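J.: The following block contains a protein sequence and its predicted model.
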Amino acid sequence: MRGPIVIAVLAVAAWVTPGVAPAAEAAPRQRPNVLFVMCDDLCCALACYGDATAKTPHIDRLAARGVRFERAYCQFPLCNPSRASLLSGRRPARTTVRDNDKHFRDVDPNVVTLPQAFRQAGWRTERIGKLYHYSVPAGIGTSGLDDPPSWDAVTNPKGRDVFDEPLIFSLLPGKFGGTVSWLAADGTDAEQTDGLAAARAVELLEDYARDKTPFFLAVGFYRPHTPYVAPKRWFDEHPRDTVTLPEVPADHDARVPPAAVASRSKEQVRLVGDLGREALQAYRAGVSFVDEQVGIVLDALDRLGLRDDTIVVFTSDHGYHLGEHGLWQKRSLFEESARVPLVIAAPGGRAGAAPTHTVELVDVMPTVCDLAGVPVPAGGDGRSLATLVRAGDADAVRNFPDRPAFTEVQHAKGRGVSMRTGKWRYTVWNGGAGGRQLYDHETDPRELDNFADRPEHAATQQRLDAELKRLYPEKELLP
């Protein structure tokens, strides 16, 4: 009896209309639509980013027809702080959100978010799934820390993955969201929460195509966030025996400040050998599964003739460790945790471009507004990357200025701030009292050889330190 009951429950997605004023009258059709697709805890484990073992054909084809930013970075490698920063266009120092509990409007109720800017300009704005923060999996099916002023309507899907929780393997039995855990699930893609989200997105796109409403549709997928749940067929696509864990030098931790590896939980030391490969297999299965859901939405966009009128943004809230540095998950300031996939495909834009400019998630809001002709909300910290997205002036692209990206984190070992340039990553813990890290990405992209405080790199460290402190004054570097 359980199967049919579960399927009946899974067939329903919750529809909620926030109790806020309706959007302005629909804008003229010539205004571009926006499809904003966001994954949860997705690092650059994608074929279009050079991952040879990834199977992500749909995200790859989006990258082939748009601009794939090679060096894009989050501002805080944790869900709520990163999402608050991305969607408000403000750094964590401005939102003051550095945990998963605080809402950015508690600090400034007058913030105008990215979707809210489109809503005010006359677009219909709708959300499916997780855009602002809420816990996974406990918050699935709810609105969590959503932002009602951002949306005309929202959908909170809740799928079979939630009801299958008793079947999930976890390093800490019974704990899922913050612990590495996984399940090769029975059933179909369509029964999963992300499958329901993709189906709802198709329904809305069909509605938009009929009534010609300019739309800002945000689709927030839950995977590959823990628990790594995907139907069994996706595990079969990544056989455990073909999965390779990264090598970590035996003296790794002796080379870095203790705070650099403070995000490593005690149970993660078990993720070696077969167990580690099984966890990595599960993550990769989740990535392939969510790629398939992205493909369903992109196929609908094409089928309905909306592609040429729609800006598509694809990204994640932050990066993710898969055993590098002996770490799993997030909340470090190494490259794998700070770097995010970012693809923007705009009507008439460049196709297949991969600029190496260092960019940030706070740049997304001014970029999308610029591309759509929507006024950029005041008070943002990012800059428009539209020059890198639009086709045309090669000289403008070539001369577009590069600038550093900044990522920060706060945990039990204190506070860290990291600056990434084209060549260097420079990280300061507790204002320097907790140690420093300096990596040359031209010779050491895995960040294994820490040059900090070496005499031969003193001038470089001094220059980077001064540059970091122009954005982060001394008091902002301290816990």
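T.: Noted; the coordinates are in hand.
J.: C-alpha only now, for contacts and for neighbours.
T.: Will do.
J.: for this structure, which strand is longest?
T.: The longest strand of the chain (DSSP state E) is strand 215-224.
J.: Mind listing residues that contact that one?
T.: Residues outside strand 215-224 that contact it (Cα atoms under 8 Å, 6 or more residues apart in numbering): 33-42, 115, 118, 123-131, 136, 193-194, 197-198, 201, 208, 229, 283, 286-287, 290.
J.: Between strand 215-224 and the helix or strand where Ser288 lies, find me the angle.
T.: For Ser288, the host element (DSSP states H and E) is helix 273-303. If you take axes from the mean of the first three to the mean of the last three Cα atoms, to 10 degrees, helix 273-303 sits at 160 degrees to strand 215-224.
J.: Can you give me every residue that contacts the nearest residue to Pro401 once chain neighbours are set aside?
T.: Excluding the flanking residues, the one nearest Pro401 by Cα to Cα, 6 or more residues apart in numbering is His357, at 8.0 Å. His357 is in contact with 69-71, 401-403, 422, counting by Cα under 8 Å, 6+ apart.
J.: Val359 too?
T.: Applying Cα under 8 Å, 6+ apart to Val359 gives the contacts 69, 71-73, 403-405.
J.: sorry, back to before: just how off-centre is the helix holding Ser288 within its chain?
T.: What separates the centre of helix 273-303 from the centre of its chain is 14 Å, taken as Cα atoms, centre = their mean, to the nearest Å.
J.: Check which residues of it are buried.
T.: When neighbours are counted by 16 or more other Cα atoms under 10 Å, the buried residues of helix 273-303 are found to be 276-298, 300-301.
J.: And the next helix or strand past that helix?
T.: The first helix or strand that comes after helix 273-303 along the chain, using DSSP H and E, is strand 310-316.
J.: I'd like the mean pLDDT over that next one, please.
T.: Averaged over strand 310-316, pLDDT sits at 98.
J.: just stretch 182-191 next, same as before
T.: For stretch 182-191, the per-residue pLDDT averages 98.
J.: go on, stretch 384-391?
T.: 96.
J.: measure that stretch end to end?
T.: 15 Å (Cα to Cα, to the nearest Å).
J.: what's the distance between it and the middle of its chain?
T.: 20 Å.
J.: cool, stretch 120-139 as well?
T.: 14 Å.
J.: try stretch 429-440
T.: When distances are taken as Cα atoms, centre = their mean, stretch 429-440 is centred 25 Å away from the chain's centroid.
J.: Which residue, neighbours along the chain excluded, lies closest to the residue nearest the centre of the chain?
T.: By Cα atoms, centre = their mean, the chain has its centre lying nearest to Ser316, at 1.4 Å. Leaving aside its sequence neighbours, Ser316 sits nearest to Cys39 (Cα to Cα, 6+ apart; 4.8 Å).
J.: which residues touch the residue nearest to the centre of the chain?
T.: Counting by Cα under 8 Å, 6+ apart, Ser316 touches 38-43, 340-342.
J.: Low-confidence bits of the stretch 51-200 of the chain, can you list those?
T.: For the stretch 51-200 of the chain, not a single residue meets the criterion pLDDT under 70.
J.: Now do the helices in it.
T.: Along the stretch 51-200 of the chain, counting by DSSP state H, counting those that start in this stretch, helices occupy 57-65, 79-88, 92-95, 114-120, 160-163, 193-211.
J.: In TSV: those, plus mean neighbour count and distance to Val272.
T.: As requested, those are exported to TSV (neighbours: other Cα atoms under 10 Å; distance: least, Cα to Cα, whole Å):
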stretch	mean neighbour count	distance to Val272
helix 57-65	20	29
helix 79-88	26	26
helix 92-95	18	34
helix 114-120	24	41
helix 160-163	21	26
helix 193-211	20	29
